[in-house]
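Undergrad: Need the 3D shape of this:
(2 chains)
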Amino acid sequence: MVNLDPRHQPQPPGQPLYARHEPVCPRPVNGPFRRLKWVIMVVTLAIYYITPWLRWNRGPWSPHQAVLIDLAHRRFYMFAIEIWPQEFYFVAGLLIMAGIGLFLITSMVGRAWCGYACPQTVWTDLFQHIDRLVDGDRNAQLRLRAAPWAPDKIARRLGKWSIYLVIAFVTGGAWDLYFADAPTLTHDFWTGHAAPVAYITTAVLTFTTFALGGFMREQVCIYMCPWPRIQSAMLDEKSLTVTYKAWRGEPRGSVKSSATSGVPPGDCIDCGMCAAVCPTGIDIREGPHIGCITCALCVDACDSVMAKLERPRGLIDYATLEDSAREMAGEAATSHRKLIWHPRTLVYFALWSTIGMVMLFALGTRHHLALSVAEDRNPPYMRLADGELRNGFTVKLRNMEDRPRRVVLALQGLPGAAMWSDDMARSAATCTLTRNLAADQTAPLRIYVVAPRQTPPQPFALTATALDAEGGSATYQTRFAAPETP
Amino acid sequence: MADTHIDDATGVETVGHEWDGIEELNNPLPRWWVLLFLACIVFSVGYVIVYPAIPMRHSATRGIAGWTSRGQLTAELRAANAGRAPIMAALTTTPIEAIPANPQLLHEAIAGGRAAFLVNCVPCHGSGAAGSPPGTFGGYPNLNDDDWLWGGTLTNIETTITHGVRFPGDDQTRMNQMPSFGRDGILTAAQVSDVVSHVRSLSGLEPASPASARGAAIFANNCAVCHGPQGRGNRQFGAPNLSDAIWLYGSSREAVTDTVTNAHAGVMPAWGGRLSPATIRMLAVYVHSLGGGEGFTVPSATAAPAKPTKPDVIAARDVPVVGAGSHGKP
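TA: You can find the predicted model right below:
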């Protein structure tokens, strides 16, 4: 039905190229891969729904939500880590790691992301269970779809869509909770005091979950998602894909028919179970397919049939192209360890782990005190009444600790210079300024630096040092502007 | 072209055009597109009724909602002014000397003063408040330095801005007039030259010489009454300090000779009638903050940090930070 291989879709002239979408009603299946999918579904959904409700004590100055993307205050909290906008490279690094991680997983075990962990797969799986709960098994679903719109069908459809809607709403609402204090936002949401953007985001994500999970399902994977295209470019003869071992299965046919025809029968009895359980509605026996998300439910289905027939399992199984050729020639398959660790995966893993280690190192050694200095350009320097030269600077002191700190700002490498701030008189100018910084805030500070009248233009530095037990300091190199000929 | 031609492959009528054997199918517009188009037409009817739409002789039709772009601007300006009202009221009622004691008010006044300065003062004093260098169009004082003709405290600056300098029509304007010693024949050219030598020697621009010694006597008789016996100036009369490094009209021999011969009398408008008292106060605070302000009363370097906020309420973190006399996120 959704087979895009032109060989399987002979087009007589005059036939439209557009095929109407036929909903997929997969049969339930049991087996080790199905159990793995259950576990991953429960874990991923639990992470998604529960994470915003975890608390993390950061003291009196910062929010207590463990994972919080605080856009209003430009902070990203993740357990013990707090990221400021200036440190966005950590987030960029995380995204790069996620990208390379996908490459790594793909080169190791094929489309495992698509088959098990992708949100579209997880929610589609969830919604297909709802279908079974409300409408019954595959046959009942197909019957109901063909049935006219009688009261029973209307009631079932409304009931099912209501459950879809509840799940979609919870999903859309949970997204918002990552961006604000979860209990407060939930309270505000239901009392009508939340920001309009909270309602809009919830509505949009409710709609997308309802539409993509409830109705579009495998079409998202096949038509909308770019990832299968990228992945198909990344697959090679060493990649694991779900493979129907045609050399073992063919000629397919029921036990009875093969007995009458006299041809030595293959292992495939053409029961169609592999196609019936497929969540994307393909027939794996037609060969590699862009619609195959390698969820391996057909492996479970075929294995259970083979078990009943007392034939060896694995007529449909994860296999690489290399191994397929080898098995066809009657040789033994490559070991699993060798399958997973080949040069390409090692390169990806080295890249991935290097970026991770660099980020961890940067995270562990970063300073929680920073300063940036902008020099005045209009006017660049100023001669005072006593002939001395003055420069103006706008200093930003960033205290990234979750507590107030006392910080001393000092001039370095400018002989005879002193400074004062715009709320002081020049008579109070010294080489150092001490300021109390509020917790987790940036404090702008306007300073004037004065140097003797003969001072030539030259670089110098401003240093901020914390006056507490932990200490720590930050330095900013800047320039003292002066006339070239004093 | 008149007779219809049906395309074999698709069964759709063609439009009859042909380019090198390529024909165009006359497919109907997609249904959703047509529906959207019709919906737009329905919408436009309602829009024309509700909003100004049809151009008439003098203006467009009014629309039953009564909306105008000018009305929207007025409403937005009113909302902006309402938002600033508490700060402006506080600035109007707080005496200017008391503003530095309130860090938040000080911060707002400096920010507001900067904006008002860019609108009103930049044409003469420059966008960096650095005045203009001595020359033909010189004579606009630099407001960043610490040399003040009429005083550099907040009150002094507020008075200068309110009443202007030598501004006709304001009784309390800052007023003085240096005689044109050379042009009016009070001093001869030789005497002017001697005085110039003396004046330049006061700030070390020239070494002491017989000419400067002669000039000192002339200075004592003619200039010291305003500029003081040591040439340190007198702010009561707005007489500049001649012994410092700041020269409004230039420090070269020619420039000082020109000043003594012809005198200068710069004019600044009185802003009292044009700007509100609160705006003038913000301007004064801003100018005072440019690094040369005098008469600081509040030592703010040891201000207390902000009070802790409630742990669970993120929004409450927007309280002003007193630490560095300002607040804000990066």
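Undergrad: can you pull the contacts of the nearest residue in space to B:Ile280 that is not next to it in sequence?
TA: Closest residue to B:Ile280 apart from its sequence neighbours, by CB to CB, 6 or more residues apart in numbering or on different chains: B:Ile161 at 5.1 Å. For every residue, glycine as well, the C-beta is placed using N, CA and C. By CB atoms under 8 Å, 6 or more residues apart in numbering or on different chains, the contact set of B:Ile161 is B:271, B:280, B:283-284, B:287.
Undergrad: same check, this time on A:Tyr89
TA: A:Tyr89 neighbours (CB under 8 Å, 6+ apart): none.
Undergrad: Helix or strand for the residue nearest to B:Ile280, just tell me which one.
TA: If you go by DSSP states H and E, B:Ile161 is part of helix B:154-163.
Undergrad: Buried ones in that helix, by neighbour count?
TA: Neighbour-count burial for helix B:154-163 flags B:154, B:156-163 (criterion: 16 or more other CB atoms under 10 Å in any protein chain shown).
Undergrad: Stretch A:210-226 now?
TA: A:210, A:212-214, A:216-222, A:225.
Undergrad: Next: stretch A:18-31.
TA: Using 16+ other CB under 10 Å as the test for burial, stretch A:18-31 gives A:24-27, A:29, A:31.
Undergrad: got these as CSV, with distance to B:Glu76, pLDDT and secondary structure columns?
TA: CSV is the format used below for these (distance: CB to CB, whole Å; pLDDT from 0 to 100; DSSP: H, G, I helix; E, B strand; the rest coil):
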residue, distance to B:Glu76, pLDDT, secondary structure
A:Val24, 53, 86, coil
A:Cys25, 56, 89, coil
A:Pro26, 57, 91, coil
A:Arg27, 62, 91, coil
A:Val29, 62, 91, coil
A:Gly31, 65, 93, coil
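Undergrad: Can you tell me which of those residues is nearest chain B?
TA: A:Val24 (25.0 Å; CB to the nearest CB).
Undergrad: Excluding sequence neighbours, find me the nearest residue to the residue in chain B positioned nearest to chain A.
TA: Among all residues of chain B, B:Gly128 sits closest to chain A, at 3.2 Å; criterion: CB to the nearest CB. The shortest distance from B:Gly128 to any non-neighbouring residue, by CB to CB, 6+ apart, is to A:Asn378 (3.2 Å).
Undergrad: Quick check: the gap between that neighbour and A:Ile316.
TA: Here the criterion is CB to CB, to the nearest Å. By it, A:Asn378 lies 75 Å from A:Ile316.
Undergrad: which of those two has more neighbours?
TA: Neighbours were tallied for A:Asn378 and for A:Ile316 using other CB atoms under 10 Å in any protein chain shown; the higher tally belongs to A:Ile316 (27 against 11).
Undergrad: doesn't A:Thr243 make contact with the more buried one?
TA: Yes. Under the criterion of CB atoms under 8 Å, A:Ile316 makes contact with A:Thr243 at 7.1 Å.
Undergrad: For those two, list the residues in contact with both.
TA: Residues touching both A:Ile316 and A:Thr243 (CB under 8 Å, 6+ apart): A:Ile284.
Undergrad: Which helix or strand in chain A has the lowest average pLDDT?
TA: Counting by mean pLDDT, DSSP states H and E, the weakest-scoring helix or strand in chain A turns out to be helix A:255-261, with a mean of 67.
Undergrad: still on that earlier bit, the helix holding B:Ile161: what's the following helix or strand?
TA: helix B:189-202.
Undergrad: pLDDT averaged over that following helix - what is it?
TA: When pLDDT is averaged over helix B:189-202, the result is 94.
Undergrad: What residue spans form the domains of the chain?
TA: In the absence of a named chain, this looks at chain A. Domain assignment for chain A by automatic domain parsing gives A:19-234, A:241-334, A:369-480.
Undergrad: Chain B was what I was after
TA: Taken from automatic domain parsing, chain B resolves into B:1-67, B:84-175+B:267-288, B:189-262.
Undergrad: spatially speaking, which residue is in the middle of chain A?
TA: A:Ala98 (6.8 Å; CA atoms, centre = their mean).
Undergrad: What's the mean pLDDT across the strand or helix carrying that one?
TA: Per DSSP H and E: A:Ala98 is located in helix A:89-109. Helix A:89-109 shows a mean pLDDT of 91 in the predicted model.
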